[in-house]
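# below: sequence and its predicted model.
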Amino acid sequence: MKIALVAQHATPVPGDRAKQAGDDARLVEMSRSLAGNGHQVTVYARRGSAARPERAKLAPGVSVEYVGPADSEADAGRSDDAHLLAQVAAFSQPLHERWSKDRPDVVHALRWTSGLAALSAARDLSVPVVQTFDSLGVAERRHRMIPSGVGTERIRLEPAIGRTVSAVMAGSSDEESDLTRLGVPRRSIRVVPCGVDTDEFSPEGPACDRNDRRRLVTVADLATEQEALSTLLRAVSKVPAAELVVAGGPPADGLRSDLSYRRLAKLADSLDLSGRVFFAGEVGRAALPPLLRSADLFVSVSEYDPSAITSIQAMACGTPVVASAVGCQVDAVVDGTTGILVPPGRPALLAQKIRALLAHPMLLEAFSVAATDRARSRYSWDRIAHETLAVYDVALAA
């Protein structure tokens, strides 16, 4: 099968996997897994720099073609919705020209502007288009991730894309419910979550040094998750036996000049958490598994997490998870088996659950074993690739 992955927001480049991060890393891992099942995969990504070659090889069976105009100096590095939407026409036209000469069997669009480009390029070519949104605008608006009045084009167009494509891959049961409320036929929706590299994220391997205190680790954006992190700090103040490592934000040497960090550090001081809360700053991909392995518990207090990817990575490392009972966390964390789910915004209850787990080492060990098994059996890229290919087959049959 010839598979076209359309990722207008991404710019994956060949090289060291450890240097790939975020969306680019997941895109490379997914394409590699699809190719590993004997399929020919071409990734269509944004050009970004004028110096970038037209084509490159990402992995055996996986090539990338950089499409569309190069960014101007003023727009270098931009990947916001407004910029990507303005580039859709210039991105889709080369796709149409290439697919007219070498037609793929199936097109898989990642995110909403990629969906617009893919539908436009595939018009009159009889190519099924499968859509993955990653996150829906209505969900982000509901969780105040998008300010009122912003993102109206996205919120208006995502339902139209979902109703037009051959199939939609939802990342969670929560997203599936949102899609059906937007009028996307339930028969065209399949829940296929994000995968995790279970070789890289595993219990085996080095762990960061630690002291005798029980360690909690969280990964969060200091700017956008101020309220959630404040809840976590208040909870940790009620768990005197534990320390907290907060990963996220600017690099460690830039924390002191970051306003979000200073606000959180001030709150930590007011809660008498000096010496028990450590802000690590930005943690690179290679450093994340050792940090997760060093933790007794991974804690996610995000009020909206469309993929729960870091919780899944923690489970793959054998670290139980305490998470807010929202979004994809409800699918990922098996409450009472691989971790604990807690209603968001409840610091006292969160502290109570953490204390109870830390007081029972054998229960923690049982959770650790179950968490590893859950990550490997449900979220390995091999399984996600097979589920994705099953969606392609349904789209082709339709």
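Looks like it arrived, so ask away.
# buried ones in the one helix or strand in the chain whose mean pLDDT sits lowest?
One helix or strand of the chain scores below all others by mean pLDDT, DSSP states H and E: helix 81-86, with a mean of 85. Along helix 81-86, these residues count as buried under the neighbour rule (16 or more other CB atoms under 10 Å): 81, 84-85. Using the backbone N, CA and C atoms, a C-beta is placed for each residue, glycine as well.
# in the stretch 51-200 of the chain, which spans are strands?
Here the stretch 51-200 of the chain has its strands, by DSSP state E, counting those that start in this stretch, at 55-59, 62-70, 106-110, 129-132, 167-170, 189-191.
# contacting residues around the last one?
Translated: strand 189-191. Strand 189-191 has contacts (CB atoms under 8 Å, 6 or more residues apart in numbering) with 167-173, 175-176, 179-180, 331, 387, 390-391, 394.
# can I see the domain layout of the chain?
Split into domains by automatic domain parsing, the chain comes to 2-195+380-397, 214-379.
# Pro203: which of those is closest?
Ranking these by distance to Pro203, with CB to CB as the measure, places domain 214-379 first at 3.5 Å.
# among the contacts of strand 189-191, which ones are buried?
For those, buried by 16+ other CB under 10 Å: 167-172, 175-176, 179, 331, 391.
# need those in a markdown table (columns: pLDDT).
Shown next, in a markdown table, are these (pLDDT from 0 to 100):
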| residue | pLDDT |
| --- | --- |
| Ala167 | 98 |
| Val168 | 98 |
| Met169 | 98 |
| Ala170 | 97 |
| Gly171 | 95 |
| Ser172 | 95 |
| Glu175 | 96 |
| Glu176 | 97 |
| Leu179 | 98 |
| Asp331 | 95 |
| Val391 | 98 |
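# farthest-apart pair in those residues, please.
Of all pairs in those, the most separated under CB to CB is Ala167 and Asp331 at 19.2 Å.
# Ala247 is nearest to which of the strands of the stretch 51-200 of the chain?
Comparing those under CB to CB, the one sitting nearest is strand 106-110, at 25.6 Å.
# who does that closest one pair with, and is each partner parallel or antiparallel?
As defined by DSSP bridges, the strand partners of strand 106-110 come to strand 2-7 (parallel), strand 129-132 (parallel).
# what's the shortest one in contact with?
Okay, so that is strand 129-132. 106-111, 115, 118-119, 122, 161-162, 164-169, 171, 192, 391-392, 395.
# pull out the buried members of the residues you listed.
Among the contacts of strand 129-132, the ones that count as buried by 16+ other CB under 10 Å are 106-111, 115, 118-119, 122, 161-162, 165-169, 171, 192, 391-392, 395.
# quick revisit: among the strands of the stretch 51-200 of the chain, which is nearest Pro290?
Proximity to Pro290 (CB to CB) singles out strand 55-59 among these, at 25.0 Å.
# give the pairing partners of the closest one; include direction for each.
Sheet pairing for strand 55-59, assigned by DSSP bridges, gives strand 62-70 (antiparallel).
# so how far is the partner strand off the chain centroid?
22 Å (CA atoms, centre = their mean, to the nearest Å).
# one more: stretch 252-265?
24 Å.
# I'd like the C-alpha coordinates of that stretch written as CSV, please.
Output of stretch 252-265 as CSV, limited to C-alpha atoms (Å, rounded to 0.1, in the frame of the first residue of the first chain):
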residue,chain,number,x,y,z
ALA,A,252,17.1,25.7,33.3
ASP,A,253,19.5,28.6,32.8
GLY,A,254,16.6,30.8,31.6
LEU,A,255,14.1,30.0,34.4
ARG,A,256,15.0,33.0,36.5
SER,A,257,13.9,35.4,33.8
ASP,A,258,10.6,33.5,33.2
LEU,A,259,7.6,35.2,34.8
SER,A,260,5.6,31.9,35.1
TYR,A,261,8.5,30.2,36.9
ARG,A,262,8.8,33.2,39.3
ARG,A,263,5.1,33.1,40.2
LEU,A,264,5.2,29.3,40.8
ALA,A,265,8.5,29.6,42.8
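# okay but Pro306 is in contact with Glu175, surely?
Yes - with contact defined as CB atoms under 8 Å, Pro306 reaches Glu175; the gap is 6.8 Å.
# residue ranges with poor pLDDT in this structure?
16-22, 72-77, 147-150 (pLDDT under 70).
# max-length helix in it?
helix 361-379 (DSSP state H).
# and the next element down the chain from that helix?
Next along the chain after helix 361-379, taking DSSP states H and E as the criterion, comes helix 381-397.
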